[in-house]
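# no sequence on this one, just coordinates:
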């Protein structure tokens, strides 16, 4: 599936343009984009390191991919109407209900400030700070080495 976008890659040479088109087509997957452009991954990373405009275009394509996936997440949260086709080309329309997993994921990532976060708070009794005591026991394995140097007061 090709992703449509307003973004133009005309200012880049053909290799970079092909990489960016591949990134858009494959939603930011570098390996797939490199295969699409018939270039190796190291070339992609060299372009990204050496060309700030290319690096910015890559970041823009990655943001598009995140926007797309967020849209799919919202579909999962809302529930969607789906169409399935049988071998004869006949369509069956059905509703996919909202996904509890998608809702929980969204709240854990976007609803943290409202308390939707999984974390463990480790406290002492009745929420008090944990009391701790550290004991250091020094054990010598034998007599201390004797220094044969004279102490010289400077």
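Looks like it arrived, so ask away. Every value quoted in this text rests on a predicted model; they were computed, and no experiment measured them.
# For stretch 72-81, which residues meet the burial criterion?
Across stretch 72-81, burial judged by 16 or more other CB atoms under 10 Å covers 73, 76, 77. No exception for glycine: its C-beta is placed from N, CA and C like everyone else's.
# and of these, the nearest to residue 144?
residue 73 (66.7 Å; CB to CB).
# so the closest one, which of the three states?
Here residue 73 is recorded as helix under DSSP: H, G, I helix; E, B strand; the rest coil.
# which residues touch it?
Residues counted as contacts of residue 73 (CB atoms under 8 Å, 6 or more residues apart in numbering) are 102, 105, 106.
# repeat for residue 80
95, 96.
# ditto for residue 69
Contacts of residue 69 by CB under 8 Å, 6+ apart are residue 27.
# Against residue 103, how distant is residue 82?
18 Å (CB to CB, to the nearest Å).
# These two - which one has more neighbours?
residue 103 (15 against 10; other CB atoms under 10 Å).
# Mind telling me what element that one is part of?
helix 100-110 (DSSP states H and E).
# same thing with residue 92?
strand 91-96.
# other SSEs contacting that strand?
strand 80-85 (3 or more CB pairs under 8 Å, 6 or more residues apart in numbering; DSSP states H and E).
# Name the strands paired with the strand holding residue 92 and say parallel or antiparallel.
Here strand 91-96 has these sheet partners by DSSP bridges: strand 80-85 (antiparallel).
# Show me how far the partner strand is from its chain's centre.
30 Å (CA atoms, centre = their mean, to the nearest Å).
# Quick one: mean pLDDT over it.
Across strand 80-85, the average pLDDT comes to 90.
# re earlier: now flag whichever of the contacts of residue 73 is closest to residue 116.
Among those, and counting by CB to CB, the member closest to residue 116 is residue 106, at 8.7 Å.
# who touches that closest one in this structure?
73, 77.
# now it: how far from residue 75?
Distance from residue 106 to residue 75, by CB to CB: 12 Å.
# cool, and residue 91?
On the measure of CB to CB, residue 91 and residue 75 end up 19 Å apart.
# Residue 130 too?
In terms of CB to CB, residue 130 sits 45 Å off from residue 75.
# same question, residue 139
For residue 139, the distance to residue 75 - CB to CB - is 65 Å.
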